[in-house]
Each structure stands twice: as structure tokens, then as C-alpha cells.
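> Sequence and predicted model, in that order:
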Amino acid sequence: MREVHIRTCPLCEAMCGLEVHHRAGQVELIRPNRNDVWSKGYICPKGTALGHLYDDPDRLRVPVIRHGDQFKEASWDAAFERCEELLHGVRDRHGAEALTYYIGNPAAHNHSISRYVGHFTTLSGIEMGYSAGTVDQWPKNVAVRLMYGNSWTFPVPDIDRTDYFVVMGANPHASQGSLLASADVLGKMDAIRARGGRCVVIDPRRTGTCDHADEWVPIVPGTDAPFLLAVANVLFADEVVDVGGLAPVLNGLEQLEALVARWTPESVAATCRIPADTIRRLAHEIAAAPTAAVYGRIGLCNQEFGTVASWMVDVINILTGNLDRPGGAMFANPIAPALATLALDPPAEAEFGRWTSRVRGAPEVLGQVPVSCLSEEILTPGDGQIRGLVTICGNPAVSSPAAGPLQEALPRLECLISMDNWINATTRHAHVILPGLSPLEQPHWDEMIWSWATRSAGKYSPALFPPTDGRPEEWEILIRLGWMAGGNRHGECPVEAIDDGFLGGIAQKLGYDADHVLSHYDSGGPDRMVDFFIRTGKWGDQFGRRPDGMTLETFRHEPHGLDLGPMVPRLDEVLHTVSGKVELAPPYITADLDRVWDRLTDRGDGLTLVSRRHVRSNNSWMHNVKTLVKGKDRCTLLIHPDDAAAVGVADGARAAVTSEEGTVEVPVEVSDEMMTGVVSLPHGWGHDLDGVRLSVAREHHGVNNNLLAPGHLVDVISGNAVVNGIPVEVTPA
Ligand SMILES: Nc1nc2c(c(=O)[nH]1)N[C@H]1C(S)=C(S)[C@@H](COP(=O)(O)OP(=O)(O)OC[C@H]3O[C@@H](n4cnc5c(=O)[nH]c(N)nc54)[C@H](O)[C@@H]3O)O[C@H]1N2
Ligand SMILES: Nc1nc2c(c(=O)[nH]1)N[C@H]1C(S)=C(S)[C@@H](COP(=O)(O)OP(=O)(O)OC[C@H]3O[C@@H](n4cnc5c(=O)[nH]c(N)nc54)[C@H](O)[C@@H]3O)O[C@H]1N2
Ligand code: SF4
Ligand SMILES: [Mo]
């Protein structure tokens, strides 16, 4: 008999509700769940592919161990024993500092990994780790850390209520929103316009998002910081700054006014290629709108002045009185707060550069150095050379800048252990691969994503096809690997005691008695953590202190979820700076303004490369689903007709794209959706490498655009990669 299982799609921040129609252990059909309180029937094509991911014959179900150039399936015990041998071998021969890790994007979406990856990093004792964070949102982490005191509390544009929405360097048409969780962002843009509001997209490409906006403003990649500084200049110069009720909690308003004084629209217009009049008009429109929200995402982070640009987004929201008010940029109010967003320690000044990387001397920023350092740390001999790497749901060989040197470095490792479900560009070099469960095999409640969601909602999905073969879930694998990487014996790993110890520790910090909390549970794991954070959250039962409050059980009875309302002003709860105020002009960031100024004139006139996404892709790992890759080639170079004519490439022909880092050959797609001077390639492709076991993706392999991204190009003050705005040359291939 066909049955219907209700669950939430874990693939992106839209968190769409799905109806999974299944029979006898097989998915027959996936449809949108119209009763979902959050997504109300919205989905994208990836959501219907969860059954294909589950069935994918290339997906690993058991661990594999390398024997020469072959992988052989192994028992979990044998795989863990081999991990111990590898990890301890590196520690014994080269010391603990020769081990590191890389954590990838699915960690933010996976029920087990998001809640337990911190157990791995703590237990392993590894001090220098890497993550996709430094090719993603690190500039935002730095900006909000300095402005509000916590690196994970991001203001979210209140698109359900705003009158004026400015989208900079984001393309929800493809991405579905990022650090802005809201199902159907484009539908919400249509609604803004339908109620008389206005949407503006600022992007070097006229993306699909522009079809839902009133205006597309093309901008030269990497010049958003000067643009926003000029907007601020206009707000002050024309005396339309109005911080509203925020005045008592702002520090640095006068410094800011002085700092932006030289940034007139005229001073930046040529660099940004945005007319000064347009800058003035946009500044006045934002100021005059009843409510407005400026939103900047990956195009503003993965660029040369990512931190200044990200900071200025918030500054404009503040100067126009839009921070923390409905219709502006607000802090989400999650039912179960994410651990990283809780201020468990007293406020402290941020410190940067507490240590530097060995080879390049890159300063640490919020505990990390640029991920592009990884290859040189593996390849350069000397004390502290990296010999062992654990990758956790990441594919840095494709997704990291300077992918060429990294692909050269990975096979040199004495120990590469990958927690991953496929054999891809990275994991093909592993000594052991430990697979996790498919989304349909595990429960789900988003940990991080509700912390930037436009509404206080919550949804719990149980596993549909719980694995019957006793395989460990990823939270347990993380504990075991962390334990062994820390120098301990596999056979002695006290999984339960470690799990209890962590939760007990958090409970205590939140003012609960650890034993009292633990006495409520028969077993541990991520479900217990969800329950704990619901209970200790705003609506929770507080372990008996508020008996009619919520627990995870509340949500087990509500498969379509519960919606407890829109965002509410809560700056006072979030602020965690030493001053107790919002720091409008943090010296660490403002010190970078001279560098931005110097670059206004110092720019070449060649082509620059930016990245793009597509709704049917998910970074590097969903090209093995036939229904998602079929149709015309998507890995193409987008180029404006004038530029195509100038360099002599034609639509459909092949072009060579060359940067200082490398060359790739791709089919050309001529389109006036690009502004002149800027070309675009998608990231996440290049699946035709030896040993990659992705049978569908190999047939649609594309090229890896990170072969073009030089590792030294970073936003200096955050260490975040510059994969947007790379100087390139295009020639006929
Ligand atoms: N040029 C360029 N490069 C970019 C970007 C760009 O815009 N342009 N974007 C950057 C951004 S924002 C990000 S986040 C990174 C992404 O880069 P990564 O974080 O490294 O992510 P992916 O490349 O998608 O690799 C995800 C890996 O996780 C595995 N995986 C998927 N689901 C699971 C699971 O449930 N469990 C486990 N254990 N493994 C799983 C997949 O097989 C794959 O190997 O790329 C960055 N790189
Ligand atoms: N379908 C799908 N969804 C995804 C992902 C995916 O790979 N596929 N990845 C997920 C991840 S990990 C992330 S981080 C999010 C990212 O989500 P978004 O931030 O929305 O990312 P993109 O869709 O890449 O859109 C970035 C836009 O920035 C523009 N841009 C490039 N450089 C500049 C610049 O200097 N200035 C300005 N103003 N614009 C610039 C590009 O042209 C592009 O249109 O998406 C997530 N959702
Ligand atoms: S937009 Fe697509 S991938 Fe994202 S949650 Fe919804 S169905 Fe899943
Ligand atoms: Mo990302």
C-alpha cells in the first residue's frame, strides 16, 4: 500500500515541507506539502530528488578502506580500527599538530553533523582547522561579531513586511536564500511589489531574481563597499539619517559620519560603474521608504572587500532606522536556538591574529585561516607540516579556491579520512571513507537555519527508512573520530559518557542542574539535543519550571510544524558587546577603508570572473541525480555580446578562460544578462577525474572554476576567499 510520509527537505535554507509517497521501502513520488505551516506548498526541483539520492547506486552504504589504488568494503569495526592506525600513525610520527580537518557546507543542514561537529573538534584537540566558512560567510561573521558581539547573530531582512528590499550579491532565484531562511523568496518579492513596495537587485548579472524586482543595478564585482559608503555619505550629507529608537544603543555614529565624508557618489561612480545620480536616488529611496531592508550575501562576502561591504549593509540598515524593527532587518527568534548563537560566556573584545598559519603567515580570524592555506600546509615540508586530514561532508578539491594545488596535495597525505557518502574529487584520495545516512534514513530538525528564519516556526521529521543494519549515525562517528584523533583507543571510546558530558556542560551554563536534565532522557544523540534546546528556549517547558511549555514531543504530534509568529524586536537580547551597545564603527574594520580607497583608481580594464549557482545544483554534490542534470549544459561561460565579439568567441563555441592560477576550457553562452567586463562560471563542477565514482555526474562533468581562483586572493581582514572578481583572459579554444 502506498503511504505518505511528511518531512522537511534538508538541502537548503528554504526548509520546504515535502510529501514523500512511498511503498515497500521505495519512494514513488515526492510532492510539496501544502499543509506545511512554513513553506505552504513551495518546493524546488531538488526537493523531489531525495528519493534518487536514497536510491543512488553510487552512494556508499558501508565504509570503504583503501588497498593500493582500490577501495574495498569493510565492517565498521575494521574501518574504525584503520582510522585509529592512520590517526595515531600521524600523531606518533609527526605530532598532533600534523593533523587537521575540513568541514563542509552540509554540516549546516545535517541533523547529526550540525549538532556534533563541535564534539569532533573539541575531542580531537586540533587547533588549526579549515572550513567552507572562509569561502562563504566569514566576512559577515566578522562584521556581526564586532557590531553585536556574537559571530553567528545575523540580522535577517524581514521580507514578509518590508516596503523596500535591496538584494546585493545574492540570487535567490537559484540559491533560495542564504542567511535568509524563507521559503519562496521570489514569491515574497512579488508580494512586496504587489503591496506597493519596491525591490532592487544590485549584481553584475541580470539574474532570474531581477525578474521579480523593479530595478537591476549592475555593479563592478568587488566594489559594493565603495557603493555603500557613498550611500552612507548621501544619508549624512543630505541629513536624512534617522536612527529612530536605536540612538541610545549606538556607539560610533559621529566617527562614522566623519569616515564617510570623503566617499561622495562622484568619488565612486566610475569605479562601481553606477552613476552618481543613481546612488543618490537609491540612498533617498531607502531613507524615505516606510521600512526598508538591505541584504547582502555571497557576492558581497566572496569578494575583495567582503568585510567592509558586509558591515556597510548593516550600517545602512541602522542609519535608516531599519535595524530591529518590523519590515527592516531583524534578529530571528528561534524556537530551539542554535548553540553557536547563545552567548554562554561574558562579553569580550574580539581578538584577531592570535596565531598565524605556518607557511603563508595568514593571521587567524575567528579561529580560522583561509581554506586556500590547506594545500601549502600539506605540500611545504618542515615542522608542523600537515600529514593527516579528516574531511567532514566537504569536497574542497572542487569547492575551494586554488583547487589545483589542493588536488596535488591530497594524494600526498599519510592519512585522509572522509566522512562522506560518495567517492568524489576529494574522497577518491581517502584512506578510509565513512558514509553517513541518506536524508530519508534519519530524523531532521534544522539546527542553524532557524536562527536566520523570518518566522519562529519549527518542524520535526522522523526517519522514513531507519537503517536496520546497526550502522552508526554520523553524530556517533564524529565522537569516535574525535576521540581517536585526540590520541585515544577506538575500543575504549565512551560514546554515551561523552555525549552526556557535553549536554550536561551546556545545561549547567544555561543555569540548569546537569543531573536533573539528564534524568529526563533514556538515550542521547541529536534528538535529545533538539528536545533540550526547545525546552530551554523561549517556548520551552524549562524542565518543569514551566509545565505547559513545549518539548520535542509537542512537535512529534505536529508533522506539518508549528508557526509561532513573525520576528520580533529583540536587539536587547542579542547584543553581547563589551560596551553593551551596537558598535557602528569597529576600528578593526574601519582601518581597512584606506585600502578600499586606494583601489578606487587602481583597477585594470580586463575581464573579471564571478561565480553563479543554479536551482538544480547544490554546490558540488548533486550532479549525480539524472533528473537534475539532464537538459542543456549548464557549466558554461556567460559573457556579454560586446565582450564576446571583442575577444572573438561565439555562442556555443568553446573558450579558454585563463587567470594567473590556471586555465579551463568551457562552452560559451553569449548573453546580455552579464554586464560588460564581467564573465560568469558556475562552481561545483569538474567530475571527470580518475577514480571519481559518480556515474551520472561523470557524463555531465563540466569544469572546476576553482582551478582559476588564486589562493592568495582574500578579503584581507576576514581571510575569506575572493572567488568573485578574479581577473581573467578569455580566448577562443
Ligand atoms: N568558485 C566558487 N567556489 C565556491 C563558492 C562559489 O560561490 N564560487 N561557494 C562556496 C560556498 S558558499 C560553499 S558553502 C562551499 C561548499 O563547499 P563544501 O562545503 O566543500 O561543499 P560541497 O563541495 O558541496 O561538498 C559537500 C560534500 O558533502 C558530501 N555530503 C553531502 N551530504 C552529506 C551528508 O549528509 N553527510 C556527509 N557525511 N557527507 C555529505 C558530498 O558528497 C560532498 O562531498 O563552496 C564554496 N566554493
Ligand atoms: N540551488 C542551489 N542553492 C544553493 C546552493 C547551491 O549551490 N545551489 N548553495 C548554497 C550555499 S552554500 C550558499 S552560501 C548560498 C548562496 O546564496 P546566494 O548568496 O544567493 O548565492 P548565488 O546564487 O551564488 O548568488 C550570488 C550573486 O552574487 C553576484 N555577484 C558576484 N560578485 C558580486 C559582487 O562583487 N557584487 C555584487 N553585488 N554581486 C556579485 C553573482 O552574479 C550572483 O548573482 O546558496 C545556497 N543555496
Ligand atoms: S528550495 Fe528545494 S532544495 Fe531548498 S528546501 Fe526547498 S525543496 Fe529543498
Ligand atoms: Mo555556502
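On my side now, so go ahead. Ligands and ions are numbered 1, 2, ... in the order given.

> how far does stretch 174-187 stretch from start to finish?
13 Å (C-alpha to C-alpha, to the nearest Å).

> what's the residue in the chain that ligand 4 sits nearest to in contact with, if anything?
The chain approaches ligand 4 most closely through D136 (4.0 Å), counting by C-beta to the ion. For glycine as for every other residue, the C-beta is placed from the backbone atoms N, C-alpha and C. By C-beta atoms under 8 Å, 6 or more residues apart in numbering, the contact list for D136 reads N105, I298, C301, N302, N720.

> Make sure the last one is actually in contact with V135.
Yes. Between N720 and V135 a contact is recorded at 7.0 Å, counting by C-beta atoms under 8 Å.

> Quickly list what's touching both of the two.
Among the neighbours of N720, those also in contact with V135 (C-beta under 8 Å, 6+ apart) are N302.

> Test my guess that I318 contacts A585.
No. In this structure I318 lies outside contact range of A585 using C-beta under 8 Å: 10.9 Å.

> between those two, which one's more packed in?
Set side by side, I318 and A585 show more neighbours around I318, with 26 against 22, by other C-beta atoms under 10 Å.

> Shouldn't that one be within a strand?
No. Per DSSP: H, G, I helix; E, B strand; the rest coil, I318 lies outside any strand segment and is helix.

> Just the pLDDT for it.
If you check I318, the pLDDT there is 98.

> how far away is the closest residue in space to D541 that isn't next to it in sequence from T536?
Sequence neighbours aside, G549 is the residue nearest to D541 in space, at 3.4 Å (criterion: C-beta to C-beta, 6 or more residues apart in numbering). For G549, the distance to T536 (C-beta to C-beta, to the nearest Å) stands at 10 Å.

> between those two, what contacts are shared?
Listed contacts common to G549 and T536 are Q542; contacts here mean C-beta under 8 Å, 6+ apart.

> can you list the domains in this structure?
Residue ranges for the domains of the chain, per automatic domain parsing: 138-336+570-595, 604-732.

> Dump those into a markdown table; add distance to ligand 1 as well.
Formatted as a markdown table, the domains of the chain follow (distance: least, C-beta to the nearest ligand atom, whole Å):
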| stretch | distance to ligand 1 |
| --- | --- |
| domain 138-336+570-595 | 6 |
| domain 604-732 | 3 |
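
> so which of the ones you listed comes closest to ligand 2?
Nearest of those to ligand 2, taken as C-beta to the nearest ligand atom: domain 138-336+570-595 at 2.5 Å.

> Quick check: end-to-end length of that closest one?
End-to-end distance (C-alpha to C-alpha), domain 138-336+570-595: 19 Å.

> Would it count as contacting ligand 3?
Yes. Interface with ligand 3: domain 138-336+570-595 contributes Q176 (C-beta under 6 Å from any ligand atom).

> Highest mean neighbour count out of the domains of the chain?
Most buried of these by mean neighbour count (mean count of other C-beta atoms under 10 Å) is domain 138-336+570-595; its value is a mean of 21.

> Ok, which of the domains of the chain comes nearest A430?
Set against A430 and scored by C-beta to C-beta, the domains of the chain come closest in domain 604-732, at 10.3 Å.
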